[in-house]
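# Next comes the sequence, and after it the predicted model I'd like to discuss.
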Amino acid sequence: MIAVPILIQSVLMFTLAYVWMCKARIPHNVAAPAVLISSSNFFELAVAVAISLFGLNSGAALATVVGVLGEVPAMLWLVGIANKTRARFA
């Protein structure tokens, strides 16, 4: 249940930014990395902060670790989409 909102947020941010970049005629080699950065959640920082503030056995630490485990496959999937749709860019 923790990973579902994170997945939805990543896909939604990717989709909105990717469509906007395509319509703005931004080159793919600029648009794809920018979109992936914008849809990322920077969980490595979140894990460090949650563990330091709430402890290793806290729910916050668990949520951030689950977020990382859910975000990595999602981001790899989004990279695949960006690579397969390269032809849509000028």
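Received, thanks. All figures in this text were calculated on a predicted structure; none of them were measured in a lab.
# Counting residues, which helix of this structure comes out longest?
In the chain, ranked by residue count with DSSP state H as the criterion, the top helix is helix 59-84.
# Just the mean pLDDT for it, thanks.
Across helix 59-84, pLDDT averages out at 86.
# List the buried residues for it?
By 16 or more other Cβ atoms under 10 Å, the buried positions in helix 59-84 come out as 61, 63, 64, 65, 67, 70, 71, 74, 75, 78, 82. The C-beta positions use only the backbone N, C-alpha and C, and glycine is treated the same way.
# and if you look at stretch 10-19?
Going by neighbour count (16+ other Cβ under 10 Å), the buried part of stretch 10-19 is 10, 13, 14, 17, 18.
# Identify the residues contacting the spatially most central residue of the chain.
Against the mean C-alpha coordinate of the chain, by Cα atoms, centre = their mean, the closest residue is residue 40 at 3.0 Å. By Cβ atoms under 8 Å, 6 or more residues apart in numbering, the residues touching residue 40 are 10, 71, 75.
# close enough to count as contact, the second one and residue 41?
If I follow you right, that is residue 71. Yes. Proximity of residue 71 to residue 41 meets the contact threshold set by Cβ atoms under 8 Å, at 5.8 Å.
# Please enumerate the shared neighbours of the two.
In terms of Cβ under 8 Å, 6+ apart, residue 71 and residue 41 are both contacted by the residues 6, 10.
# what's the distance between residue 86 and residue 64?
Noted for residue 86: a distance of 33 Å to residue 64, by Cβ to Cβ, to the nearest Å.
# cool, and residue 83?
For residue 83, the distance to residue 64 equals 28 Å [Cβ to Cβ].
# One more: residue 11?
Residue 11 is 19 Å from residue 64, where distance means Cβ to Cβ.
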